[in-house]
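Asker: need coordinates for the below:
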Amino acid sequence: MKKIGIIDIGSNSIRLIIVQINKDNSFRVIDEIKESVRLGKDMTPEVGLNPSRIDNAIYTLAFFKKLCVMQNTNGILAVATEAVRRAPNQMEFLNRVKSELSIDIRVLTGTEEAYYDYFGAINSMDFSDALIVDIGGSSSELIFVENRKLKHSISLPFGAINLTEKFSLQKAMNNKSENAIKEFLTSLYKDIPWLKEVKNVPIIGIGGTIRNIGKLHKKKTNYPIDNLHNYRIPTNEVIDIYDQIKGKDASQRKKLKGLSKERSDIFVGATSVLVTLIEYLDLKELHVSGSGLRDGYLYEYIFKNKKPLIDVLDFSIKNNLLNYEIDIVHPNHVWMLTKTLYNELNPIINIPINPYKILKTACMLHDIGIIISYFDHNKHSSYMIANSKINGLTHKEQLMASYIAALDRKNEFKINLKLYQHLITEQDLDIVDKLSILLRISENLDRCLNGNIKMVSCNIELDTVTITVDAVADPLLEITAALDCASSFEKTFNKKLIII
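Answerer: Residues are numbered from 1 along each chain as shown. Down below sits the predicted model:
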């Protein structure tokens with residue numbers, strides 16, 4: 001096991017994450033902190049980075065290094081982006097950090113920054129085609145992804161800070177300033193030839209501005225889930241948020257719930273980048289990504305290559321299991337049995353969605369609650385599934401998986417439909433009920449945790465379903481346990497359950 005610190009020296013904020021990486025390459029974030037230093041503010045063409053802001057940055061980096069030392073990290077990986085990238089006094093800053101703190105900073109090119117944004121998003125979200133946008137303090141990266149591959153990218157030398165300064169957007173925006181910034185942005189977008197290829201794809205947003213838009217939207221809609229990663233917003237509602245805020249000055253924005261006070265003065269300029277892009281390309285949905293440059297850098301460090309994951313969900317599930325020190329053999333076997341039951345009983349299950357990801361998540365993670373307590377561990381597992389970062393799922397899929405796990409032992413868990421009415425319908429609960437019975441049967445068929453039941457097959461008749469087991473040794477115990485589900489099975493599927 002080792003720990004590393006990853007520092008992202010941005011034009012607005014400096015961020016640190018400390019990550020524990022295990023021998024099996026599973027990992028977890030154990031600390032995170034950020035400071036708003038605004039290296040990109042008060043820059044001049046002649047000098048570059050403002051001396052007082054350099055001092056603040058070094059003070060912040062010294063504190064971050066102390067945190068890393070106190071947590072016994074094995075090393076620090078530090079990267080810097082646009083403000084440092086274009087500063088005439090770049091070497092002065094880098095040399096001071098090296099001499100005073102013994103930290104080597106890698107200054108990323110715009111192409112490298114865009115790549116790490118892509119690598120962070122593609123390994124933590126399940127999408128094929130998208131336009132990724134990262135709105136930073138002094139630059140904005142646009143990345144076009146097609147068939148999960150980075151097809152085009154560009155780093156544009158404007159962001160929240162320099163746009164705010166250029167168009168005086170600390171004040172309330174008026175028609176003149178809005179038209180000026182939109183004309184400026186649109187002219188730049190028109191000069192990107194490949195951008196015209198981007199049609200009918202989601203826009204995936206990275207960075208503090210995007211997260212703030214997500215928080216504002218969640219407040220407005222009373223969204224019941226805290227997790228911002230993969231939160232989805234119709235773009236017309238993004239434009240509504242922009243329209244409501246653009247007429248307020250920085251002091252008025254500070255009073256808005258969900259909007260970071262330290263970002264309130266630069267929020268309108270940054271949001272203009274997103275809204276103008278949405279309108280230029282007529283994109284319909286924004287997906288908030290909680291993963292970006294630092295995550296992409298971390299994935300490359302762990303994978304030791306630039307190949308994106310083939311199955312984001314599978315990697316994320318296994319990462320959780322390994323971190324919770326759960327033996328993967330039993331959940332793998334339960335998933336195999338459950339998947340087989342689903343495929344064979346599909347004619348009578350009759351649900352309108354492909355539940356593969358939901359069912360796999362519930363099967364693989366149904367026992368993680370044992371690390372809290374064996375007693376009522378299905379309820380603990382449900383909470384942990386609902387509140388963990390499980391990449392590759394929508395919020396609805398994650399919630400449904402947590403409900404299936406909650407019903408793993410017996411059909412007593414009460415689902416708060418009122419709380420989650422925006423996400424879960426009565427039809428969804430019917431799907432949960434059907435899939436949970438399959439999980440309960442499979443869990444009981446591996447009651448001894450030894451894979452005694454190698455395989456199952458099903459025969460559907462008018463009034464009965466017969467499950468035939470192929471066992472290594474006498475399967476009486478497993479069959480008896482599985483038949484505890486017979487009454488629930490008959491109630492749900494209107495057929496008597498027989499297991500032989």
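Asker: element containing residue 77, please.
Answerer: Secondary-structure assignment from DSSP states H and E places residue 77 in strand 75-80.
Asker: show me what that strand is packed up against.
Answerer: Judged by 3 or more C-beta pairs under 8 Å, 6 or more residues apart in numbering; DSSP states H and E, the packing partners of strand 75-80 are strand 2-9, helix 51-70, strand 105-107, helix 293-303. For every residue, glycine as well, the C-beta is placed using N, CA and C.
Asker: how about JSON lines for these, with mean neighbour count added?
Answerer: Shown next, in JSON lines, are those (neighbours: other C-beta atoms under 10 Å):
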{"stretch": "strand 2-9", "mean neighbour count": "21"}
{"stretch": "helix 51-70", "mean neighbour count": "16"}
{"stretch": "strand 105-107", "mean neighbour count": "18"}
{"stretch": "helix 293-303", "mean neighbour count": "21"}
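Asker: residue ranges in the stretch 101-250 of the chain under the pLDDT threshold?
Answerer: Within the stretch 101-250 of the chain, no stretch has pLDDT under 70.
Asker: which parts of it are helices?
Answerer: Here the stretch 101-250 of the chain has its helices, by DSSP state H, counting those that start in this stretch, at 110-122, 160-166, 175-190, 208-221, 235-245, 250-253.
Asker: what does the stretch 251-400 of the chain give?
Answerer: Ranges of helices in the stretch 251-400 of the chain, per DSSP H, counting those that start in this stretch, are 267-281, 293-303, 312-323, 329-349, 356-365, 377-387, 395-406.
Asker: circling back: the strand holding residue 77 versus helix 110-122: what angle between them?
Answerer: Here the directions of strand 75-80 and helix 110-122 differ by 120 degrees (axes from the mean of the first three to the mean of the last three C-alpha atoms, to 10 degrees).
Asker: check the gap between residue 395 and residue 387 for me.
Answerer: Relative to residue 387, residue 395 is positioned 11 Å away (C-beta to C-beta, to the nearest Å).
Asker: what do you get for residue 490?
Answerer: Taking C-beta to C-beta, one finds residue 490 at 34 Å from residue 387.
Asker: what's the answer for residue 156, then?
Answerer: Distance of residue 156 to residue 387, given as C-beta to C-beta: 37 Å.
Asker: run the chain-centre distance for stretch 332-347.
Answerer: Offset of stretch 332-347 from its chain centre (C-alpha atoms, centre = their mean, to the nearest Å): 28 Å.
Asker: buried ones in that stretch?
Answerer: Using 16 or more other C-beta atoms under 10 Å as the test for burial, stretch 332-347 gives 332-342, 344-345.
Asker: neighbouring contacts of it?
Answerer: 349, 355, 359-360, 363-364, 366, 435, 438-439, 441-443, 445-446, 451, 453, 455-458, 460, 465, 467, 493 (C-beta atoms under 8 Å, 6 or more residues apart in numbering).
Asker: about what we covered before: same list (the helices and strands packed on strand 75-80) but as TSV, adding distance to residue 188.
Answerer: As requested, the helices and strands packed on strand 75-80 are exported to TSV (distance: least, C-beta to C-beta, whole Å):
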stretch	distance to residue 188
strand 2-9	25
helix 51-70	26
strand 105-107	23
helix 293-303	22
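Asker: out of those, the one nearest residue 236 is which?
Answerer: helix 293-303 (28.8 Å; C-beta to C-beta).
Asker: picking that back up, pipe the helices of the stretch 101-250 of the chain into TSV and attach mean neighbour count per row.
Answerer: Listed next are the helices of the stretch 101-250 of the chain as TSV, based on neighbours: other C-beta under 10 Å:
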stretch	mean neighbour count
helix 110-122	24
helix 160-166	22
helix 175-190	15
helix 208-221	21
helix 235-245	17
helix 250-253	15
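Asker: between those, which one is nearest to residue 133?
Answerer: helix 208-221 (7.8 Å).
Asker: ok, residue 274 to residue 140 distance?
Answerer: 9 Å.
Asker: my bad, should have said residue 368
Answerer: Computed as C-beta to C-beta, the residue 368 to residue 140 distance reads 39 Å.
Asker: of these two, which one has the most company?
Answerer: Neighbour count, other C-beta atoms under 10 Å: between residue 368 and residue 140, residue 140 has more, with 27 against 24.
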